[in-house]
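# Below are the sequence and a predicted model for it; my questions follow.
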Amino acid sequence: MTIGEAEPDADLGGGRPLEAGLHFIATPIGAARDITLRALDILRTADVLAAEDTRTLRHLMEIHGIPLGSRPLVAYHDHNGEVARPRLLRALAEGRSVAYASEAGTPLVADPGFQLARAAIAEGHRVLAAPGPSAVLAALTVSGLPTDRFLFAGFPPATASARRKFLAELAAVPATLVFYESPRRVSRTLEDMALELGNREAAVCRELTKRFEEVSRGPVPDLAEAFRDRSVKGEIVIVVDRAPPVKAGAEELEVALSEALETMSVKEAAAAVAGRLGLARRDVYQAALRLTEER
């Protein structure tokens, strides 16, 4: 089978039992109807069900009319993995089918299923994926930014110093960057992105696939300004374009800063020159400070 060809269902469709192994199921990130038919079949026929949040999975199954029956439903999350993982591995060793569902989206993407997958593979069990909803791919699709190469960077650190170091390390990556972020920290993260990543195009995607879905697009400094005093709710994905080609050398930067400093403060000059030359504002600010000290 080549990429792009669909293969007829090899399991489930004719009442055949689900094959033994660990089945990772992508679940909706908002709209319940985004789940795939294959995922519903797996939930209907798996011997054992496991979920990051069992309440969320129960609700999803109720929406789609799938009874749990007498099957075990095991909570598996960051805080109980050491206890729950052996139970699931025993089920696999007995030749049973185990379905694991993330709370929302694709398992193993900012999700505790990674250690379970590693352990199952190490013990020689079959590991399969039922692909489907993904906040990363949904955000890339609506961002309007390049998708030919991207890096999912997860959640930035919560503290300012660690977050800035984290962003600085990503600044030179030649790919579109995708982040998850808490609505409580999105404003501070955008401010740090303006400092460390410069005047790149970006998109802040909120509540993807849900009723109040919103996508804000523009240069990172403009988005930082727009979100500065705003109260934000919901799930957030931030997509940032890759670093632009180097547009200015040291000489050009010095000339531009010297001209700007004649009429602007250091902070204003750094922001203006960084935006014009496509450089990180933090670096330009440091260069501006050096220039003023030398005068």
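Received it, and whenever you're ready, just let me know what you need. Residues are numbered from 1 along each chain as shown.
# Point out where the stretch 151-295 of the chain drops to low pLDDT.
For the stretch 151-295 of the chain, the stretches flagged by pLDDT under 70 are 245-248, 295.
# If we use 80, what do you get?
Counting by pLDDT under 80, the stretch 151-295 of the chain contains low-confidence ranges at 244-250, 275-280, 294-295.
# the strands in it, which residues?
Remark: strands assigned in the stretch 151-295 of the chain by DSSP state E, counting those that start in this stretch are 176-181, 201-206, 214-219, 236-240.
# Could you figure out how far the shortest one is turned away from strand 201-206?
To tie it back to what came earlier, the one meant is strand 236-240. Using axes from the mean of the first three to the mean of the last three Cα atoms, to 10 degrees, the inter-axis angle of strand 236-240 relative to strand 201-206 is 170 degrees.
# mind checking how far the residue nearest to Arg200 when sequence neighbours are not counted is from Ala270?
Sequence neighbours aside, Asp241 is the residue nearest to Arg200 in space, at 4.6 Å (criterion: Cβ to Cβ, 6 or more residues apart in numbering). The way it works is simple: take the backbone N, C-alpha and C, and place the C-beta from them, glycine included. Look at Asp241 and Ala270: by Cβ to Cβ, to the nearest Å, they are 21 Å apart.
# For the helix or strand containing Gln115, list every residue counted as buried.
Using DSSP states H and E, Gln115 sits in helix 113-122. For helix 113-122, the neighbour count (16 or more other Cβ atoms under 10 Å) marks Gly113, Leu116, Ala117, Ala119, Ala120 as buried.
# could you redo the strands of the stretch 151-295 of the chain as CSV and give each row mean neighbour count and distance to Leu291?
What follows is the strands of the stretch 151-295 of the chain, written out as CSV (neighbours: other Cβ atoms under 10 Å; distance: least, Cβ to Cβ, whole Å):
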stretch, mean neighbour count, distance to Leu291
strand 176-181, 22, 30
strand 201-206, 23, 28
strand 214-219, 15, 24
strand 236-240, 25, 28
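# any chance of those in JSON lines, plus distance to Leu257?
Conversion of the strands of the stretch 151-295 of the chain to JSON lines gives the following (distance: least, Cβ to Cβ, whole Å):
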{"stretch": "strand 176-181", "distance to Leu257": "27"}
{"stretch": "strand 201-206", "distance to Leu257": "24"}
{"stretch": "strand 214-219", "distance to Leu257": "20"}
{"stretch": "strand 236-240", "distance to Leu257": "25"}
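# Out of those strands, which gets nearest to Arg276?
strand 214-219 (11.7 Å; Cβ to Cβ).
# what comes into contact with the closest one?
Identification of contacts with strand 214-219 by Cβ atoms under 8 Å, 6 or more residues apart in numbering yields 142-144, 199-207, 223, 226-227, 275.
# okay, Asp241 and Ala270: which has more neighbours?
Ala270 (26 against 19; other Cβ atoms under 10 Å).
# Spit out the contact partners of the closest residue to that one other than its chain neighbours.
The shortest distance from Ala270 to any non-neighbouring residue, by Cβ to Cβ, 6+ apart, is to Tyr285 (3.8 Å). Under the criterion of Cβ under 8 Å, 6+ apart, the neighbours of Tyr285 are Leu195, Val266, Lys267, Ala270, Ala274.
# Among these, which pair sits farthest apart?
Farthest apart among these by Cβ to Cβ are Leu195 and Val266. That separation is 14.2 Å.
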